[in-house]
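J.: sequence and predicted structure below; questions after.
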Amino acid sequence: MSSENADAVSGQGEPVWDVVVVGAGPAGASAAYAAAVAGRRVLLLEKAELPRYKTCGGGIIGPSRDALPPGFELPLKDRVHAVTFSMNGRLTRTRRSRRMLFGLINRPEFDASLVEHAEKAGAVLRTGATVSRVEQHGPAVPDRRTVAVVLADGETVLARAVVGADGSASRIGAHVGVRMDQVDLGLEAEIPVPATVAEDWAGRVLIDWGPMPGSYGWVFPKGDVLTVGVISARGEGAATKRYLEDFIARLGLAGFEPAVSSGHLTRCRADDSPLSRGRVLVCGDAAGLLEPWTREGISFALRSGR
Ligand SMILES: Cc1cc2nc3c(=O)[nH]c(=O)nc-3n(C[C@H](O)[C@H](O)[C@H](O)COP(=O)(O)OP(=O)(O)OC[C@H]3O[C@@H](n4cnc5c(N)ncnc54)[C@H](O)[C@@H]3O)c2cc1C
């Protein structure tokens, strides 16, 4: 990391950033981009190495597309022109549209590209940097205009403002006091398929109303890989896992070995939950900003980050 972009706190020799962003998903990359374009000195801290995998369907709706940085080229894997609906595998109907309904991307590629835009705008990226906590008072904080960001290895970074974009298990959200109303478990498999199967799905998604209240499943085609997932209220882990297995089997995809199988909790904020505390604010999943029915979150991450 270069600290040339940061001021020195007088008498202490420590660099102080205008904005430290924690987490380099769509929310963090979007926040870092917006602050850098506004002329701020920005440090973007990410615990993973990039590109990193994120359990996600990668569905890009209009508001997501409209919130991208100017000139950003969406790395679309498919364009959706048809939706097949079913109810737990029955009553199947397909609706087609001449207009593209939404686009599909792979998150590692999409997220890495967003981070590149933030870097080109002047943000400094540091990967492999896990944030443990933030402090707004106390010995690590030189003055009232500064926040201390403490990393897992004990290093402290100073900032005028901190943006918590560290996802649905956010530490910064806990500091701000974000309260969640709804917690769901999403399970997903990335399934490589032969060309004949891929052709059958090209340009078409499947949405299946699931057997548990509020649950649903999806198939999102991305060329020679199908992203197949289900989501349901947390606390029904075994039933959710069974739903995904049944769903995959019903679709005739059980014979193909998933390249990735993963799970992730999604959290939706309570209406009166805070979004900031002092000089620390949260965005995206860290703030619980997610559409509670579809659990669409990329558009919320991009817009709230900005
Ligand atoms: C199964 C499933 C399917 C979904 N499908 C869709 C979909 O099709 N379309 C859609 O719009 N949304 C979808 N979503 C929601 C979407 O994935 C999220 O809303 C979106 O990723 C939120 O972006 P974010 O930047 O807030 O968080 P994230 O993408 O989770 O990024 C957070 C980043 O912070 C980093 N981080 C975490 N903790 C720390 C720390 N302590 N220090 C440093 N870095 C840290 C993480 O490594 C990560 O890179 C889906 C979610 C799930 C679970």
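T.: Now that the structure is in, tell me what you want to look at.
J.: from here on, contacts and neighbour counts on C-alpha atoms
T.: Will do.
J.: name the nearest residue to A286, sequence neighbours excluded.
T.: Of all residues not flanking A286 in the chain, G167 sits nearest, at 4.6 Å (Cα to Cα, 6 or more residues apart in numbering).
J.: per-domain residue ranges of this protein.
T.: With automatic domain parsing as the criterion, the domains of the chain are listed as 7-55+108-179+270-305, 78-102+180-267.
J.: and the ones you listed: which comes nearest the ligand?
T.: Minimum separation from the ligand across those (Cα to the nearest ligand atom) falls at domain 7-55+108-179+270-305, 3.1 Å.
J.: any part of the closest one near the ligand?
T.: Yes: using Cα under 6 Å from any ligand atom, domain 7-55+108-179+270-305 reaches the ligand at 22-28, 45-48, 55, 129-132, 165-167, 284-286, 290, 295-299, 301.
J.: got a PyMOL select line for the buried ones in these?
T.: Buried subset of these, written as a PyMOL selection, criterion 16 or more other Cα atoms under 10 Å:
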select buried, resi 22+23+24+25+26+27+28+45+46+47+55+129+130+131+165+166+167+284+285+286+290+296+297+298+299+301
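J.: what's the burial count for the closest residue to P75 other than its chain neighbours?
T.: Among residues not flanking P75 along the chain, I105 sits closest, at 6.1 Å (Cα to Cα, 6+ apart). Other residues within reach of I105, judged by other Cα atoms under 10 Å, total 22.
J.: can you check Y53 too?
T.: Other residues near Y53 come to 15 when the count uses other Cα under 10 Å.
J.: now the helices for the stretch 151-300 of the chain?
T.: Taking DSSP state H, counting those that start in this stretch, the helices of the stretch 151-300 of the chain run over residues 171-176, 195-201, 237-250, 298-305.
J.: mind giving me the packing neighbours of the third one?
T.: Read it as helix 237-250. On a contact count with 3 or more Cα pairs under 8 Å, 6 or more residues apart in numbering; DSSP states H and E, helix 237-250 meets strand 180-192, strand 225-233.
J.: cool, the shortest one as well?
T.: Helix 171-176 sits against strand 131-135, strand 276-277, strand 280-282, with contacts defined as 3+ Cα pairs under 8 Å, 6+ apart.
J.: hmm, back to that, out of the domains of the chain, nearest to I61?
T.: Proximity to I61, assessed across these by Cα to Cα, is greatest for domain 78-102+180-267 (5.0 Å).
J.: could you pull up the mean pLDDT of the closest one?
T.: Per-residue pLDDT over domain 78-102+180-267 has a mean of 97.
J.: does the ligand sit close to that domain?
T.: Yes: residues of domain 78-102+180-267 contacting the ligand under Cα under 6 Å from any ligand atom: 186-188, 264-266.
J.: of the residues you listed, just the buried ones, PyMOL syntax please.
T.: Restricted to buried positions by 16+ other Cα under 10 Å, the PyMOL selection for those reads:
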select buried, resi 186+187+188+264+265+266
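J.: tabulate the residues of domain 78-102+180-267 next to the ligand (CSV), appending distance to G223.
T.: Converted to CSV, the residues of domain 78-102+180-267 next to the ligand look like this (distance: Cα to Cα, whole Å):
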residue, distance to G223
G186, 22
L187, 21
E188, 17
H264, 24
L265, 27
T266, 26
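J.: residues contacting the closest residue to M212 other than its chain neighbours?
T.: By the measure of Cα to Cα, 6+ apart, the closest residue to M212 outside its immediate chain neighbours is S232, 7.0 Å from it. Shown in contact with S232 (Cα atoms under 8 Å, 6 or more residues apart in numbering): 184-186, 212-216, 240.
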